[in-house]
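J.: Test case, fold it:
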Amino acid sequence: MYSFLNSTRTLKERLNLFVASVQNLYPEVIGIAVTRIDDHDNLYSVYRSADYGDNFPTFIESINKSPRLSKMRSSLEPSIIDNMLCHQSSIKHIHLRLLQSNCISSMTCPIYTNGTFIGILFINASVKDFFSEKVNYFTAFSLLITLLISDDFNNKKAFHSIVKTVLLLSHHKDPETQNHLKRVAEYSRLIGLYLAKMEKCNGDFVDSVYHFSDMHDIGKSLIPEDILYSTDIYTTEQRAIMNQHPELGCQLLSNILTTFKYDNNQELDIILNIIRHHHERYDGKGYPNQLKGTDIPLEARIVTVADVIDALLSHRPYKQPWSIDDVERYLINGSGTLFDPLCIDAILHSLDKIALIQSRYPDIIEEELPV
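T.: Numbering: from 1, shown residues only. Take a look at the predicted model:
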């Protein structure tokens, strides 16, 4: 029963084992769903039991629209619905989909790590009054699930910190700001969540892309500084050296992974794909492998668009920021050649959120002081 505690398994494997063991005791339990919250108070599922099928949504728009979820977030207390057939839900389409999976009673619990609210756990059963009658057991159950989720979340953060520390030691200067990396992560999540709503990916994938998109250019730490910091147009030889940074990044990351024994293979594939392929073009004219169309991993196609958007909107020593209208025209013109049309469609549907992200993570432009 306790095999779910084995930390060598992925979070999904551990949750599957945990749910199966509880269902052996209580067959009435349909399953659980784990959701993360984004910066706009939307929830997206990073895990859902197979029993739900497609009836537990990938995306739940703004928990502020649900008084029940908002209250639970602030109170830190679980919330129970004894009979969903009688409950007047504020998010009716999700309520109906859960009923289609025979979810009659429900328990939701906030997920916190280090005092930060990061998501919500949903547990559903096929009979009414189920959780009220077993509230102590399922409160303990929810705490164990939360510990597993927090452990996974903190492992990702620790891995991030390791990579960032190595980068700081090996290359303390960076021509692009830390807030550039944060914005790329946020834009990547915007694109990913839209694609998840279109059923092109799932929430777990979106979460991984969000966490690891800011590693896309780590190979630049191995590029000579006279090339990396140059504001002149590159020579053919310099361009060839600069274009090595995706492969150099993969080599660097592989060395870090070997040293620290990070072994989540699914996430490793996503990280390496982002690093290696974020300069591929949809028409096959990119580098390093000249991949074309959907042969380019989706995670790389997402980060390509996110990185270009932020580069165009940001101040650089050699250019002024573009207007959002100019960026929009550039993206539309590059759709199908430079960029995946699905990713362009996704970001065009989220243009209103780009300005919010920019204001939340602004660059500080250092101006030269008069002599």
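J.: What is the lengthiest helix in the chain packed up against?
T.: Under DSSP state H, the helix in the chain containing the largest number of residues is helix 135-170. Packing partners of helix 135-170 (3 or more Cβ pairs under 8 Å, 6 or more residues apart in numbering; DSSP states H and E): helix 11-25, strand 29-37, strand 105-113, strand 116-125, helix 245-260. All C-beta atoms are positioned from the backbone trio N, CA, C, and that covers glycine.
J.: Try it again at 7 Å.
T.: Where contact means 3 or more Cβ pairs under 7 Å, 6 or more residues apart in numbering; DSSP states H and E, helix 135-170 is packed against helix 11-25, strand 105-113, strand 116-125, helix 245-260.
J.: Quick one: work out the angle between that helix and helix 11-25.
T.: For helix 135-170 against helix 11-25, the angle by axes from the mean of the first three to the mean of the last three Cα atoms, to 10 degrees is 170 degrees.
J.: buried ones in helix 135-170?
T.: Residues of helix 135-170 classed as buried by neighbour count (16 or more other Cβ atoms under 10 Å): 138, 141-142, 145-146, 148-150, 152-153, 156, 159, 163, 166-167.
J.: Only the buried residues of the next helix or strand along the chain from that helix, if you could.
T.: Proceeding N to C from helix 135-170, the next assigned helix or strand is helix 178-197, under DSSP states H and E. By 16+ other Cβ under 10 Å, the buried positions in helix 178-197 come out as 179-197.
J.: Now tell me what touches helix 178-197 from outside.
T.: 38-39, 44, 58-59, 201-203, 206, 209-210, 213-214, 302-303, 305-307, 309-310, 314, 342-343, 346-347, 349-350, 353, 357-358, 361-363 (Cβ atoms under 7 Å, 6 or more residues apart in numbering).
J.: which of these count as buried?
T.: 38, 44, 58-59, 201-203, 206, 209-210, 213-214, 302-303, 305-307, 309-310, 314, 342-343, 346-347, 350, 353, 357-358, 361, 363.
J.: mind listing which of the contacts of helix 178-197 are in helices?
T.: Going by DSSP H, the helices hold 203, 206, 209-210, 302-303, 305-307, 309-310, 342-343, 346-347, 353, 357-358 from the contacts of helix 178-197.
J.: Contact partners for Ser74?
T.: Contacts of Ser74 (Cβ under 7 Å, 6+ apart): none.
J.: Which helix or strand lies directly C-terminal to the one helix or strand it maps to?
T.: Applying DSSP H and E as the criterion places Ser74 in helix 67-75. Sequence-wise, the next helix or strand downstream of helix 67-75 (DSSP H and E) is strand 79-81.
J.: Note down every partner strand of that following strand and its orientation.
T.: Sheet pairing for strand 79-81, assigned by DSSP bridges, gives strand 105-113 (antiparallel).
J.: Tell me what angle the partner strand forms with strand 116-125.
T.: Using the same axes, to 10 degrees: strand 105-113 against strand 116-125 is 160 degrees.
J.: Next, the angle strand 29-37 makes with strand 105-113.
T.: 40 degrees.
J.: Render the CA-only coordinates of strand 105-113 in CSV, please.
T.: Extracted as CSV, the C-alpha positions of strand 105-113 are listed here (Å, rounded to 0.1, in the frame of the first residue of the first chain):
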residue,chain,number,x,y,z
SER,A,105,-20.4,14.2,-3.4
SER,A,106,-17.2,16.3,-3.4
MET,A,107,-14.4,17.4,-1.2
THR,A,108,-12.0,20.2,-2.2
CYS,A,109,-8.8,21.1,-0.3
PRO,A,110,-6.3,24.0,-0.7
ILE,A,111,-2.7,23.1,-1.6
TYR,A,112,-0.1,25.2,0.1
THR,A,113,3.7,25.0,0.1
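J.: low-confidence ranges in the protein?
T.: 1-8, 53-55, 62, 89-92, 164, 166-177, 259-265, 364-371 (pLDDT under 70).
J.: how about stretch 343-359 as CSV, C-alpha atoms only?
T.: Taking Å, rounded to 0.1, in the frame of the first residue of the first chain, the C-alpha atoms of stretch 343-359 are listed here in CSV:
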residue,chain,number,x,y,z
CYS,A,343,0.7,28.8,-30.9
ILE,A,344,0.2,32.1,-32.8
ASP,A,345,-3.6,31.6,-32.5
ALA,A,346,-3.2,30.9,-28.8
ILE,A,347,-1.1,34.1,-28.0
LEU,A,348,-3.4,36.3,-30.2
HIS,A,349,-6.3,35.2,-28.0
SER,A,350,-4.3,36.3,-24.9
LEU,A,351,-2.9,39.7,-26.0
ASP,A,352,-4.7,41.5,-23.2
LYS,A,353,-2.7,39.5,-20.6
ILE,A,354,0.7,40.4,-22.2
ALA,A,355,0.6,43.9,-20.9
LEU,A,356,-0.2,42.6,-17.4
ILE,A,357,2.8,40.3,-17.4
GLN,A,358,5.1,43.1,-18.7
SER,A,359,4.0,45.4,-15.9
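J.: For that stretch, which outside residues touch it?
T.: By Cβ under 7 Å, 6+ apart, stretch 343-359 touches 40, 183, 186-187, 190-191, 194-195, 301-302, 305, 309, 313, 324, 328, 331-332, 335.
J.: switch to 6 Å and redo it
T.: For stretch 343-359, the external contacting residues (Cβ atoms under 6 Å, 6 or more residues apart in numbering) are 183, 186, 190-191, 194-195, 301-302, 305, 331, 335.
J.: again with stretch 34-54
T.: Looking at stretch 34-54 with Cβ under 6 Å, 6+ apart, the contacting residues turn out to be 15, 19, 30-33, 56, 58-64, 101, 119-121, 149, 189, 193, 203-204, 207.
J.: Now a PyMOL select for only the buried ones of those residues.
T.: The PyMOL selection below is limited to those of the contacts of stretch 34-54 classed as buried (16+ other Cβ under 10 Å):
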select buried, resi 15+19+30+31+32+33+56+58+59+60+61+63+101+119+120+121+149+189+193+203+204+207
